[in-house]
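J.: quick one, structure for this:
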Amino acid sequence: MTRIDFYVLPSDGAEDAVMTACKLCDKAVGSGSRVYVHAADERTQDQIDKLLWTFRQGSFIAHERATASPLSEPLPSVVFGNAEPPQSHSRVMINLADDVPAFFSRFERVCEIVAGDDAQRAKSRSRYKFYRDRGYELKSFEQQADGGWKARA
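T.: Numbering: from 1, shown residues only. Got it, this is the predicted structure:
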């Protein structure tokens, strides 16, 4: 069954959601996983594209925007877009969209990032309820002042 983790940012951290996604990509890629980042809008996809080049000094994570065309070899570590991802990237999904994608259950792990104003947080609660009502085991982590994560009880 798919593992669902929620990463809760401070209430003033809305612009940090994409940066957090990039850090999660870095960690997953470092452990040998390929990642799909589900981002509904072009603006967010453009931010992901830019930050995967620059989010950490000396870093670069091979990435590509998902299109209707098949990916070329060598496969990038991260693919991002707003449609169903290629089969090659079904281990980790980071969801930056407001809804739960229909294909989420084909992933081993889904990372949901909770950030933004009250309306955005309400959408996150709705996604949490969606997963919970279907019997998925849920874990939540809260970002600490030092940038680390602490499991929520």
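
J.: quick one, what contacts Gln143?
T.: Gln143 is in contact with 7-10, 13, 20, 149, counting by CB atoms under 8 Å, 6 or more residues apart in numbering. Every residue, glycine included, has its C-beta placed from N, CA and C.

J.: switch the cut-off to 6 Å
T.: Gln143 makes contact with Leu9, according to CB atoms under 6 Å, 6 or more residues apart in numbering.

J.: equivalent analysis for Arg127, please.
T.: 100, 112.

J.: output the helix or strand hosting it as PDB, nothing but the C-alphas.
T.: Secondary structure assignment for Arg127, by DSSP states H and E: helix 118-133. Below are the C-alpha coordinates for helix 118-133, written out as PDB (Å, rounded to 0.1, in the frame of the first residue of the first chain):
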ATOM      1  CA  ASP A 118      -6.000  29.100   5.500                       C
ATOM      2  CA  ALA A 119      -7.600  28.200   2.100                       C
ATOM      3  CA  GLN A 120      -4.500  26.200   1.100                       C
ATOM      4  CA  ARG A 121      -4.400  24.500   4.400                       C
ATOM      5  CA  ALA A 122      -8.000  23.500   4.200                       C
ATOM      6  CA  LYS A 123      -7.300  21.800   0.800                       C
ATOM      7  CA  SER A 124      -4.500  19.900   2.500                       C
ATOM      8  CA  ARG A 125      -6.900  18.800   5.200                       C
ATOM      9  CA  SER A 126      -9.200  17.600   2.500                       C
ATOM     10  CA  ARG A 127      -6.500  15.500   0.900                       C
ATOM     11  CA  TYR A 128      -5.600  14.100   4.400                       C
ATOM     12  CA  LYS A 129      -9.200  13.100   4.900                       C
ATOM     13  CA  PHE A 130      -9.300  11.600   1.400                       C
ATOM     14  CA  TYR A 131      -6.400   9.300   2.200                       C
ATOM     15  CA  ARG A 132      -7.500   8.500   5.700                       C
ATOM     16  CA  ASP A 133     -11.000   7.600   4.600                       C
END
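
J.: nearest residue to Arg152 other than its sequence neighbours?
T.: Nearest residue to Arg152 in three dimensions, chain neighbours excluded: Ser140, at 4.1 Å (CB to CB, 6 or more residues apart in numbering).

J.: could you check how far the one you found is from Lys123?
T.: From Ser140 across to Lys123, the span is 15 Å (CB to CB, to the nearest Å).
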